[in-house]
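Got a sequence here, can you model it:
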Amino acid sequence: MRSIARWFFNSVIRLGTGVICRIDKRDFSKVPQRGPLILAGNHIGSLEVPLLFVHLQPRKIYGLAKIETWNNKFMGWLFDLWNAIPVRRGEADLDAIRACLEVLKDGNLLAIAPEGTRSYHGRLLQGQPGIAMLALRTGAPILPLAHWGGDKVNGEIRQAMADEVMSQIADLMPEEYRGEYASYKSPPKYLRFI
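From the prediction side, this is the model:
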């Protein structure tokens, strides 16, 4: 049952991210088919995790996730499905460190956001030294990966799309009912009319 669920979620996410994201797979092709590897990426949103987990198949990949994720039953189940390692942030979580060392010792991929937390503004935060300790202890190479632009989709682009839709609704109404969109006159950038 677990393998069917993993296949289903991975297929849906691979299809969805393939549609909404521009993925430069050149760096993915640098991932060797065998041996330990640390994938070091920035963390600006919720897309990096599914992108890595589904687009690097069939390699077995593990990653770190804040332990609070498991407070939500569905997210905990999904992150278990994706082999996530719970980590207590803000402390030296020895259980998480041991799990990461074991993953690398077994020749698997380990995805890490060296910043240790999400950067909501899209700019890099200072990296934490844990990634260097894991690489030095295991001899695993590090492959840097970058993700950008999601901060704009998560905020200003979605708002612009919503504003365009609302302005079209406002155009259908008498002026006194248009509220916030009474004077909105920007030409549509995201809407396509049928």
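
quick one: the residue nearest in space to the middle of the chain and residue 99, what's the gap?
The chain has residue 48 as the residue nearest its centroid, 2.2 Å off, counting by C-alpha atoms, centre = their mean. Residue 48 is 20 Å from residue 99, where distance means C-beta to C-beta, to the nearest Å. Any C-beta I mention is one placed from the backbone N, CA and C, and that applies to glycine too.

Show me where this structure has its strands.
37-41, 61-66, 84-87, 109-112, 142-145 (DSSP state E).

Out of those, the one nearest residue 161 is which?
For the strands of the chain, the distance to residue 161 is smallest for strand 37-41, at 26.7 Å, taking C-beta to C-beta.

Residue 72: neighbouring residues, count only.
Using other C-beta atoms under 10 Å, residue 72 has 11 neighbouring residues.

Could you do residue 35 as well?
So residue 35, with other C-beta under 10 Å, has 13 neighbours.

Can you report phi and psi for it?
phi 90, psi 160 (degrees, to the nearest 10).

With adjacent residues omitted, what lies nearest to residue 113?
Residue nearest to residue 113 in three dimensions, not counting chain neighbours: residue 43, with 3.6 Å by C-beta to C-beta, 6 or more residues apart in numbering.

what about that neighbour, distance to residue 18?
In terms of C-beta to C-beta, residue 43 sits 21 Å off from residue 18.

Also residue 101?
From residue 101 to residue 18 the distance is 33 Å (C-beta to C-beta).

got it, and residue 2?
Remark: distance between residue 2 and residue 18 (C-beta to C-beta) = 24 Å.

More neighbours: these two, which one.
Taking neighbours as other C-beta under 10 Å, residue 2 and residue 18 compare with residue 18 leading, 13 against 9.

what does the model give the more buried one for pLDDT?
You'll see residue 18 listed with a pLDDT of 73.

where does this structure have low pLDDT?
Residue ranges of the chain with pLDDT under 70: 19-20, 27, 47, 149-155, 192-194.

Can you give me the domain assignment for it?
2-145, 149-194 (automatic domain parsing).

which of those is buried the deepest?
Highest mean neighbour count among those (mean count of other C-beta atoms under 10 Å): domain 2-145, with a mean of 16.

Tell me the span between the first and last residue of it.
This stretch, domain 2-145, spans 29 Å end to end (C-alpha to C-alpha, to the nearest Å).

Please report the distance of the nearest residue to residue 63 once chain neighbours are set aside from residue 4.
Spatial nearest neighbour of residue 63, chain neighbours left out: residue 111 (3.7 Å); criterion: C-beta to C-beta, 6+ apart. Distance of residue 111 to residue 4, given as C-beta to C-beta: 23 Å.

do residue 96 as well
Distance from residue 96 to residue 4, by C-beta to C-beta: 29 Å.

Please apply the same query to residue 88.
32 Å.

Am I right that residue 69 is in contact with residue 82?
No - using C-beta atoms under 8 Å, residue 69 is not in contact with residue 82; the gap is 10.7 Å.
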